[in-house]
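In: Based on what follows, work out the 3D shape:
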Amino acid sequence: MSRDRNITNTEYYALDGMCFKLREIEHINDHANKWNLRLQFIESHMILVAASGQGWLTIDGQFTELRQGSLYVCTPGQLVEAAAHSFDERGLYLLRFDVIEEDESSANTMQIIKRNSSFPVKKEVIASSPVSINSLCETIFHCMHDEDRLKRFRGQILFQEVLHTILQDALLVQGIDSEALLDYVKDYIEQHYQQELTIDHLAKVAGISPRHFMRLFKKRYGCSAIDYLAAFRIKQAQHLMRTGGQNRLQDIARHVGYHDDIYFRRKFKQISGMPPAAFMKNSRLKIAAYHFANIGQLIALQITPFAAPADHPWTDYYKRKYQMEAMLPLSFNESIKREELRLANPDFIIGIDSLASAEEQAELSKIAPVFFVPWIDNDWRMHLRSIAQFLDKTATAEAWLDNYHRKVLFVREQVKDTFKDDRLLILRITGDQYNVLGSQSLATVFYDDLHVLPARGVHRISSEQQITPAQLGDFEPDRILLIIDEEPLSQSSWRTLVNTEHWRSLTAVRNNRVDFLPSYPWAEYTAFTHDLLLDEILKLWRNRA
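Out: Next up is the predicted model:
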């Protein structure tokens, strides 16, 4: 599935006047098993093929997690940064290429390299056949590094095949009509949110009638275009309040496109659950996330924690996404951790009761007011509400939960034809253990919120049930969602499983209904990560009946 902006009719037909030449191809699979692309304005078109591994990518400041089996297209002049790790022998492929077009300004027909050429596909494309793409890239790599000119020429030909596959996948999943146009308009809103935008204007951008545009936009995104604009403006205002020092409220309102202060305050409270003045005051509070799950709980309450565990795999994600450069990384050692907090003098400390002894809780209470979330006997909604009550942010929590509920209804409608009566098994591989997920896990989003049927034998009252590969068949899953931890033993256990007859004989495997999620952030049991999971479910399963 292509994200953000995809192919439009105009760009599709512009292919007739385009030629493409591969500059270079790089295969990243060295023994260090770690790769970084430094922040840079790229000079040529670039495709990053995530054949394996985990990582992230930012394009013009927009952050996304790298997804195994996806391709990412960047264009000249974009500010790009990336990093990856935990890849196997397939690694990553980085292809740089030029787009050559006819120069219409010249009196004589000639072709030139166009740096500002609008290549028809941008950002992420989920490959329909990752194996085919990876195989093509491997062959191209060997051809382009061969001394034989004919081999290099063949590499150029195969590169055209890669581009054809990318374009075909973009067209196949999302089409060249309404969905691509709507993605383009969404991008337009995010780029021009400071301007006065009306339905008539946005419909003209899409090239369709206002009534048709309103219906299509709400069906695609679950809200009206004007509501999406308002939510995006408030999100930008919140960012300024967190990072903009002493900006006046009216200046922030003007910056995000509101010239009526009263209307801005009303929209801010409606979307955020609190008035802007209270948000600004709260954003200056120093609230520490003592345990890893507290991060996702606080983010949902519009709180960016000033301190969080440094050893948690997802802490870096938050730092990048929320620009938390000043975040205090807390040690894994309890005594050092307490001393770090004592010196930082926080306003509040939020932890989890089952992860801290009574002695540790007592020591922390000497540093600042503390709240330990009652974890085991409560679900994630109660976790969120209990923190909100302690921090006097109940209205914020309820506004967030209302928005989450509306999003659940939208996503449920979008994927119901995909799942129908299929029974889903969610399997996590950790080390040499195979665990079926149940309560207090991401499974609650599927089974409780989206009403997806669990596979037979899934224990809904326990968070995990450990099984053996031989027991997989007992569940009779129609679909399988796999989460494989990144460390070597987990990856080895996965390779062992996939080569067993127990795995190959499963109906879900035979019908090619096995999907993957990275272990982080989705394995978190928090409000914020469940909201992100709804987005991920749309990417993976919308219109995939």
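In: Need the residues that contact the helix or strand harbouring residue 141.
Out: Element membership for residue 141 (DSSP states H and E) is helix 130-144. For helix 130-144, the surrounding residues in contact (C-beta atoms under 8 Å, 6 or more residues apart in numbering) are 22, 24-25, 27, 49, 51, 68-69, 71, 90, 93, 95, 127, 151-152, 154-155, 158-159, 161-162, 165. All C-beta spots, glycine's among them, are computed from the backbone N, C-alpha and C.
In: now do 6 Å
Out: Helix 130-144 has contacts (C-beta atoms under 6 Å, 6 or more residues apart in numbering) with 25, 27, 49, 51, 69, 90, 93, 127, 151-152, 154-155, 158-159, 161-162.
In: same thing with stretch 394-402?
Out: Contacts of stretch 394-402 (C-beta under 6 Å, 6+ apart): 273-274, 300-302, 384-385, 388.
In: next one: stretch 344-355 to chain centre, how far?
Out: Put simply, stretch 344-355 sits 28 Å off its chain's centre (C-alpha atoms, centre = their mean, to the nearest Å).
In: CA atoms of it as CSV?
Out: C-alpha atoms of stretch 344-355 as CSV (Å, rounded to 0.1, in the frame of the first residue of the first chain):
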residue,chain,number,x,y,z
ALA,A,344,16.3,16.5,38.4
ASN,A,345,13.7,17.6,41.0
PRO,A,346,10.5,16.4,39.1
ASP,A,347,7.0,17.7,39.8
PHE,A,348,5.5,14.2,39.6
ILE,A,349,6.7,10.6,39.1
ILE,A,350,4.5,8.0,37.4
GLY,A,351,5.2,4.3,37.8
ILE,A,352,3.6,0.8,37.8
ASP,A,353,2.7,-0.8,41.1
SER,A,354,3.6,-4.4,40.1
LEU,A,355,7.1,-3.4,38.9
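In: That one: which residues count as buried?
Out: Across stretch 344-355, burial judged by 16 or more other C-beta atoms under 10 Å covers 346, 348-352.
In: Can you name the residues that contact residue 156?
Out: Neighbouring residues of residue 156 by C-beta under 6 Å, 6+ apart: residue 22.
In: Would you mind giving the orientation angle of the helix or strand harbouring it with respect to helix 130-144?
Out: Taking DSSP H and E as the definition, residue 156 sits inside helix 149-174. Counting by axes from the mean of the first three to the mean of the last three C-alpha atoms, to 10 degrees, helix 149-174 lies at 160 degrees to helix 130-144.
In: Report the distance from helix 149-174 to the chain centre.
Out: How far helix 149-174 lies from its chain's middle: 27 Å, per C-alpha atoms, centre = their mean.
In: My guess is residue 494 contacts residue 429. True?
Out: Yes. With contact defined as C-beta atoms under 6 Å, residue 494 counts as touching residue 429 (5.3 Å).
In: residues shared between the contacts of those two?
Out: Common neighbours of residue 494 and residue 429, counting by C-beta under 6 Å, 6+ apart, are residue 484.
In: Could you report the pLDDT at the residue nearest to residue 154 when sequence neighbours are not counted?
Out: Excluding its sequence neighbours, the residue lying closest to residue 154 (C-beta to C-beta, 6 or more residues apart in numbering) is residue 143, at 5.2 Å. Turning to residue 143, the model gives it a pLDDT of 95.
In: now swap in the one 3 residues further on and tell me
Out: Looking at residue 146, its pLDDT stands at 92.
In: neighbours around it, how many?
Out: Counted with other C-beta atoms under 10 Å, the neighbours of residue 146 add up to 13.
In: what about the residue lying closest to it once chain neighbours are set aside, distance to residue 143?
Out: Leaving aside its chain neighbours, residue 146 sits nearest to residue 152 (6.3 Å; criterion: C-beta to C-beta, 6+ apart). The gap separating residue 152 from residue 143 is 6 Å, by C-beta to C-beta, to the nearest Å.
In: who's more crowded, these two?
Out: Just comparing residue 152 and residue 143: by other C-beta under 10 Å the higher neighbour count belongs to residue 143, 21 against 15.
In: Inside helices: which ones of the contacts of stretch 394-402?
Out: Using DSSP state H, the members of the contacts of stretch 394-402 that fall in helices are 300, 384-385, 388.
In: tell me which of those is nearest to residue 455?
Out: residue 384 (28.2 Å; C-beta to C-beta).
In: ok, now how distant is the closest one from residue 441?
Out: Distance of residue 384 to residue 441, computed by C-beta to C-beta: 16 Å.
In: Could you check which of those two has the larger neighbour count?
Out: Higher neighbour count among residue 384 and residue 441: residue 384, with 27 against 23, using other C-beta under 10 Å.
In: Which pLDDT value goes with the more buried one?
Out: 97.
In: show me what contacts it?
Out: Residue 384 is in contact with 297, 397, 527, counting by C-beta under 6 Å, 6+ apart.
In: So the first one is in contact with residue 526, correct?
Out: Yes. Judged on C-beta under 6 Å, residue 297 makes contact with residue 526 at a distance of 5.2 Å.
In: With neighbour numbers in mind, choose between these two.
Out: Neighbours were counted for residue 297 and for residue 526 using other C-beta under 10 Å; residue 297 has more, 28 against 21.
In: Help me confirm that the more buried one is found in a strand?
Out: No. Residue 297: not assigned to a strand; according to DSSP: H, G, I helix; E, B strand; the rest coil it is helix.
In: Number the residues from 44 up from this point.
Out: With 44 as the first residue, the last one maps to residue 340.
In: residues touching it, list them.
Out: Contact analysis of residue 340 by C-beta under 6 Å, 6+ apart lists 427, 430, 569.
In: Let me know the closest of the contacts of residue 427 to residue 234.
Out: residue 570 (29.1 Å).
In: okay, now that closest one: neighbour count?
Out: Using other C-beta under 10 Å, residue 570 is surrounded by 24 other residues.
In: List the contacts of the residue nearest to it when sequence neighbours are not counted.
Out: Among residues not flanking residue 570 along the chain, residue 343 sits closest, at 3.9 Å (C-beta to C-beta, 6+ apart). Residue 343 sits next to 443, 570-571 when contact means C-beta under 6 Å, 6+ apart.
In: before we move on, what about residue 406?
Out: With contact set as C-beta under 6 Å, 6+ apart, residue 406 has these partners: residue 381.
In: For the residue nearest to residue 439 when sequence neighbours are not counted, give me phi and psi.
Out: Take residue 439 and drop its neighbours on the chain: the residue closest to it by C-beta to C-beta, 6+ apart is residue 316, 3.6 Å away. Backbone torsions of residue 316, given as degrees, to the nearest 10, read phi 90, psi 0.
In: can the contacts of residue 340 go into JSON lines with extra columns for distance to residue 123?
Out: Conversion of these to JSON lines gives the following (distance: C-beta to C-beta, whole Å):
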{"residue": "427", "distance to residue 123": "35"}
{"residue": "430", "distance to residue 123": "37"}
{"residue": "569", "distance to residue 123": "30"}
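In: follow-up on the earlier one: check the ones in helices among the contacts of stretch 437-445 and tell me the two furthest apart.
Out: The largest separation in the ones in helices among the contacts of stretch 437-445, counting by C-beta to C-beta, is between 343 and 428 at 10.8 Å.
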